[in-house]
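sharing a model prediction with you, sequence too.
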Amino acid sequence: MLPAQLCIECDAMNTVAYYLSLPPSHPIRPLLGNAIAVAPKSLKNAWPPSVPACGQRLRKRKVPRAVGSEESPDTDFDETLGMEPIVPVYAAPWTTPLPVTTIILPKEDALRALEVVMADKRRRDATCFTDGSLLEGCAGGAAVRVEGGVEKECIGVSLGDGQVCEGEMEGLLCATTKVLRNRCHCVLCVADSQAALRGILSTKPRSGQFCAIRYDQLIRNAMLIIPHLTILNLWTPAHIGTDGNELADAAAKAATKCDPNPDNYVSLTSVHHHIHVLSLAEWDTRWQTVKTGKALRYLDRTPPSLIPSPLYSSSSLSRKASSCISQLRTGFTYLNANRYKSGFTDSPSCEACGALYETRTHYLLECPAWESLRQLLHAACRDIGHFGPLHLSPLLTHPKLLTPIGKFINATEHFAWPCPPPESTL
Ligand SMILES: [Zn+2]
């Protein structure tokens, strides 16, 4: 079986290949077209042939635009699939910046800054503490408006499946919405998440863009009514006993217990997370039920990994020894019991002692012909804390036993390349 990470990549490639093979009339094709159209510019060869070369017009002047079948209004395909919409370009680069100042200071300075801004009377009725929380897989955000250190209002929003940062951003959005409704022109929002404070201002195409766009639209609409609006978003360290912060934390935790609004969008990060978790669960089930590799799984239950096993990466182990140990691990060896199964020999018995079956257990642990050579294995096992009789599993899996087992195989000369038959003498 492939390692889980490779399985996930393989599934993703197969899914994309499947979508690309769907007929052009399928409703998902326009989505694929859009995805290809916004592909990174470095992949110039990935542009579809329908996209004209640079400098050419999409259609000639005075020619009406042809409406494709995928744009027909009777299609009942939900293009969003409940996921947050992500637009390639939201605002022009020269757009006026929002009147939002974000201050993120080192811990000590942040506390002093909080004291200073809290003492400012202009922000007395427009001060909010926000927080996000993730409990038992449910995310929530909350905003608490405080006045003179006392809680005045509290808003909590449950997001259902989501991430902590989404809760933090939703809290900021709630707080700003609340104070702007009161027509305050000097707003202070205190949050303990630096990622949320930066993310709420970035409308670049990414997960969480939709929340940033809502924030952007909220403030631009408010500026039509409150032209001198200024918003100060201040970062403060979490869980150090700041009253407002603790209130917001408790409110966010309570919000995670509420039922989420079914119209909420699922973020791209959450979708990625879900797909990843589902793929891993599927891989686990396959790993539990797979029928192949019984001989190896009998010894070693370690799942396949992208990190190579010491068996293949050890510099002290020769290539030949590594190959022989691999054969013993997987059960496809030069021993008679295995060769007999494949029809390469007439008898499965051990030629050295006459035992009925020459299996790997017999060869490594039981055959009296190699008993004297096993002293080395016993000593190596004692060094790693395995006392008593030898066992197959540590012998063929423990990294510190690879070299002794390699020496044992070499000494028995059992895995030597078979000599050509002597020339017949007439
Ligand atoms: Zn034997």
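Cool, got the structure.

what residues sit buried inside the helix ranked longest in the chain?
The single longest helix within the chain, with elements called by DSSP state H, is helix 268-289. By 16 or more other CB atoms under 10 Å, the buried positions in helix 268-289 come out as 268, 269, 270, 271, 273, 279, 283. Bear in mind the C-beta positions are built from the backbone N, C-alpha and C, glycine included.

does whatever residue of the stretch 201-350 of the chain ends up closest to the ion sit in a helix or strand, and which one?
Residue nearest to the ion within the stretch 201-350 of the chain (CB to the ion): residue 350, separated by 3.1 Å. Counting by DSSP states H and E, no helix or strand carries residue 350.

is it in contact with residue 362, as I believe?
Yes. Residue 350 is within contact range of residue 362, at 6.1 Å (criterion: CB atoms under 8 Å).

pull the number of nearby residues for the nearest residue to residue 183 once chain neighbours are set aside.
Counting by CB to CB, 6 or more residues apart in numbering, residue 226 is the residue found nearest to residue 183 once chain neighbours are left out, at 6.3 Å. By other CB atoms under 10 Å, 17 other residues sit near residue 226.

so which residues on the chain come close to the ion?
350, 352, 353, 355, 367 (CB under 5 Å from the ion).

recalculate using a threshold of 6 Å.
350, 352, 353, 355, 362, 367, 369 (CB under 6 Å from the ion).

which among the residues you listed count as buried?
Buried by 16+ other CB under 10 Å: 350, 352, 355, 362, 367, out of these.

just the helices in the stretch 201-350 of the chain please.
209-225, 243-256, 268-289, 294-299, 310-313, 319-330, 336-341 (DSSP state H, counting those that start in this stretch).

tell me the residue of the stretch 51-200 of the chain that sits nearest the ion?
Of all residues in the stretch 51-200 of the chain, the one sitting closest to the ion is residue 137 (56.9 Å; CB to the ion).

got the domain ranges for the protein?
Annotated domains of the chain cover 4-57, 100-272, 310-412 [automatic domain parsing].

okay, those, which one's buried deepest?
domain 100-272 (a mean of 19; mean count of other CB atoms under 10 Å).

just the endpoints, please. Distance across that domain?
The first and final residues of domain 100-272 sit 31 Å from each other (CA to CA, to the nearest Å).

circling back to that earlier point, let's have the helices of the stretch 201-350 of the chain in CSV, adding mean pLDDT.
Below are those laid out as CSV (pLDDT from 0 to 100):
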stretch, mean pLDDT
helix 209-225, 92
helix 243-256, 87
helix 268-289, 88
helix 294-299, 88
helix 310-313, 82
helix 319-330, 90
helix 336-341, 91
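
so residue 131 sits against residue 196, correct?
No. Contact criterion CB under 8 Å: residue 131 and residue 196 do not qualify, at 9.5 Å.

which neighbours do these two share?
Common contacts of residue 131 and residue 196 (CB atoms under 8 Å, 6 or more residues apart in numbering): 168, 171.

any regions of this protein where pLDDT drops low?
For the chain, applying pLDDT under 70 flags the ranges 34-59, 65-81, 416-426.

for it, just list every one of the strands.
Secondary structure of the chain (DSSP state E): strands located at 100-103, 127-135, 138-147, 150-161, 186-191, 230-235.

give me the sheet partners of the last one and which way each runs.
The reference is to strand 230-235. Applying DSSP bridges to the sheet, strand 230-235 is found paired with strand 100-103 (parallel), strand 186-191 (parallel).
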